[in-house]
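>>> what follows is a predicted structure for the sequence shown.
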Amino acid sequence: MAETSAASPGKVPRTARGRETLRKLLDAAAAEFGERGFHEASISGITRRAGTALGSFYTYFDSKDAIFTALVRDMSARVAIAAAGAVSQGSQGLQRESEALAGFLNFAREHKEIYRIIDEAEFADPVSYRAHYEDTANRIAARLAEGVHAGMIRDGKQDVRAWAIMGMNVFLGLRFGVWDDARSVDEIAEVAADLLGEGLRAR
């Protein structure tokens, strides 16, 4: 999600300084919601972390709910950017999934708060919560379809496969990104790719 579309309707920043302030507020909101949760977080806590005046908050957002919705969508978009940015040019099939997973794991390690924020969105903003997972699954399904077209992946029900892969990635991120980030990202991605490519059947 572009920063300029993250503000409440009619409150899009028109200057570089405004966009910078909006970014500060979103980053501060990530820290505030990530540490305190939706119900305990406050607008004053967000502005204090951002180093901005309370009035600046209302320049871009109507309420705590509004910035939470913007944050969920912003973080969802940043996950997509991180995964896509980790994919090398010309990468296809299992290699592409492995690289995308590595990109997500690195993002989760740098932004551990994403798990609490997305989890709380299930109740605080169910529309954005569902959109996050549906959009992610759609991107994976599109990658798989491209792999099929390139002859690198066996054809099948891409929607079901995409949700299965996403579920694996989410829990790998939780275990090896949030709970413990000492394990090599490349090693985790390699094991996941082997599981996708070879399954669990004994050779």
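Yes, it's here. Residues are numbered from 1 along each chain as shown.
>>> name the SS class of residue 131, please.
Following DSSP: H, G, I helix; E, B strand; the rest coil, we place residue 131 in the helix state.
>>> quick check: it touching residue 75?
No: counting by C-beta atoms under 8 Å, residue 75 is not a contact partner of residue 131; they are 12.0 Å apart. Placement of C-beta: from N, CA and C, glycine included.
>>> neighbour-wise, which of those two wins?
The neighbour comparison of residue 131 against residue 75 (other C-beta atoms under 10 Å) goes to residue 75, with 25 against 15.
>>> what's the distance between the more buried one and residue 185?
19 Å (C-beta to C-beta, to the nearest Å).
>>> just the buried positions in stretch 71-82, please.
71-80, 82 (16 or more other C-beta atoms under 10 Å).
>>> from the residues you listed, which land in helices?
Among these, the members falling in helices (DSSP state H) are 71-80, 82.
>>> can I get those in a markdown table with distance to residue 16 and pLDDT?
Below are these laid out as a markdown table (distance: C-beta to C-beta, whole Å; pLDDT from 0 to 100):
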| residue | distance to residue 16 | pLDDT |
| --- | --- | --- |
| 71 | 21 | 97 |
| 72 | 25 | 97 |
| 73 | 22 | 96 |
| 74 | 18 | 96 |
| 75 | 22 | 97 |
| 76 | 24 | 97 |
| 77 | 20 | 96 |
| 78 | 20 | 97 |
| 79 | 25 | 97 |
| 80 | 24 | 97 |
| 82 | 24 | 97 |
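>>> just for the protein, where's the confidence low?
1-5, 10 (pLDDT under 70).
>>> what are the ranges of the helices in the chain?
16-40, 43-50, 54-60, 64-85, 93-110, 114-124, 126-149, 158-173, 185-198.
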